[in-house]
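>>> Provided below are the primary sequence and the corresponding predicted coordinates.
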Amino acid sequence: IAGITQAPTSQILAAGRRMTLRCTQDMRHNAMYWYRQDLGLGLRLIHYSNTAGTTGKGEVPDGYSVSRANTDDFPLTLASAVPSQTSVYFCASSDSVGNTIYFGEGSWLTVV
Amino acid sequence: AQSVTQLDSQVPVFEEAPVELRCNYSSSVSVYLFWYVQYPNQGLQLLLKYLSGSTLVKGINGFEAEFNKSQTSFHLRKPSVHISDTAEYFCAVTGAYNTDKLIFGTGTRLQVFP
């Protein structure tokens, strides 16, 4: 069982470029999330999706967009990357209210 | 809205000593509470969670936590730590009736010394 697969694992990106972080889960979970992790700030929710076709804004949505065309995929797009978006990005999913959230291994993004 | 505070950014402790990692939350509604652990260069995995019922929750690797509603706390404890427990620990909260968003604390780095 793969669980949650994120790609790329790491990326160095020039400022101003567009970038999409991919996330796929094979657990048929309804809810999916994107978090960023920064030293001293913990994990902060960027966007979430309760079910295919719906998305919502988290704590730090600016500069990011998401889509949820189907249950399995939840890509995160940076339309025009800035250095402050250098971070580790974690995709996560859960199957129902209050149940465990499962995390991917993370995507390390550096914007220069 | 919910929020969570982890007062200790780092907790150093010797092997086989007991440890407590503190977590306080803020919410105007009932909550679900979680502790996650992150080992170096890995994603997060669930240690334990409180949804309802008994306020003392036991998790994996010998950890336990107690939900204290009056003190709005959910401290994590282990009676005897091992070197392998060295990791980052995150407390998280979500509203019991609105679980769209799981909000994390800033994390506590547990460093176990031999």
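That came through fine.
>>> for the rest of this, base every contact and every neighbour count on C-alpha atoms.
Fine.
>>> residues of chain A that sit close to chain B?
Selection of chain A residues close to chain B by C-alpha under 8 Å from any C-alpha of the partner chain yields A:40-45, A:48, A:50, A:58, A:90, A:97-98, A:100-106.
>>> which ones among those residues are found in strands?
A:42-45, A:48, A:90, A:102-103 (DSSP state E).
>>> closest to B:L44 out of the residues you listed?
Of all those, the one with the least separation from B:L44 (C-alpha to C-alpha) is A:F103, at 5.8 Å.
>>> can I have the buried ones of the residues of chain A next to chain B as a PyMOL selection?
Burial among the residues of chain A next to chain B is assessed by 16 or more other C-alpha atoms under 10 Å in any protein chain shown; the matching PyMOL selection reads:
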select buried, chain A and resi 42+43+44+45+48+50+58+90+97+98+100+101+102+103+104+105+106
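>>> buried stuff in the one helix or strand A:Q11 maps to?
Per DSSP states H and E: A:Q11 is located in strand A:10-13. By 16+ other C-alpha under 10 Å, the buried positions in strand A:10-13 come out as A:L13.
>>> note down every partner strand of it and its orientation.
Its sheet considered, strand A:10-13 pairs with strand A:107-111 (parallel) by DSSP bridges.
>>> the partner strand: how far from the chain's middle?
12 Å (C-alpha atoms, centre = their mean, to the nearest Å).
>>> how about B:Q42, nearest residue that isn't a chain neighbour?
A:E105 (5.5 Å; C-alpha to C-alpha, 6 or more residues apart in numbering or on different chains).
>>> same question for B:H75.
In space, B:H75 is closest to B:R22, 4.5 Å off (C-alpha to C-alpha, 6+ apart).
>>> the one you found reaches B:L76, doesn't it?
Yes: with contact defined as C-alpha atoms under 8 Å, B:R22 counts as touching B:L76 (6.4 Å).
>>> quick one, which of the two is more surrounded?
Higher neighbour count among B:R22 and B:L76: B:L76, with 24 against 18, using other C-alpha atoms under 10 Å in any protein chain shown.
>>> dump the C-alpha coordinates for stretch B:52-69 into PDB.
Output in PDB follows, covering the C-alpha atoms of stretch B:52-69 (Å, rounded to 0.1, in the frame of the first residue of the first chain):
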ATOM      1  CA  SER B  52     -14.400  11.400  23.500                       C
ATOM      2  CA  GLY B  53     -14.700   9.100  26.400                       C
ATOM      3  CA  SER B  54     -11.800   8.400  28.800                       C
ATOM      4  CA  THR B  55      -9.600  11.400  29.300                       C
ATOM      5  CA  LEU B  56      -6.500   9.200  29.500                       C
ATOM      6  CA  VAL B  57      -5.400   8.100  26.100                       C
ATOM      7  CA  LYS B  58      -2.700   5.600  25.400                       C
ATOM      8  CA  GLY B  59      -0.800   5.600  22.100                       C
ATOM      9  CA  ILE B  60       2.000   3.900  20.400                       C
ATOM     10  CA  ASN B  61       5.600   3.500  21.700                       C
ATOM     11  CA  GLY B  62       4.500   3.800  25.300                       C
ATOM     12  CA  PHE B  63       3.200   7.300  25.100                       C
ATOM     13  CA  GLU B  64       0.000   8.500  26.800                       C
ATOM     14  CA  ALA B  65      -1.800  11.800  27.100                       C
ATOM     15  CA  GLU B  66      -4.500  13.200  29.400                       C
ATOM     16  CA  PHE B  67      -7.300  15.500  28.200                       C
ATOM     17  CA  ASN B  68      -8.000  18.100  30.900                       C
ATOM     18  CA  LYS B  69     -11.000  20.300  29.900                       C
END
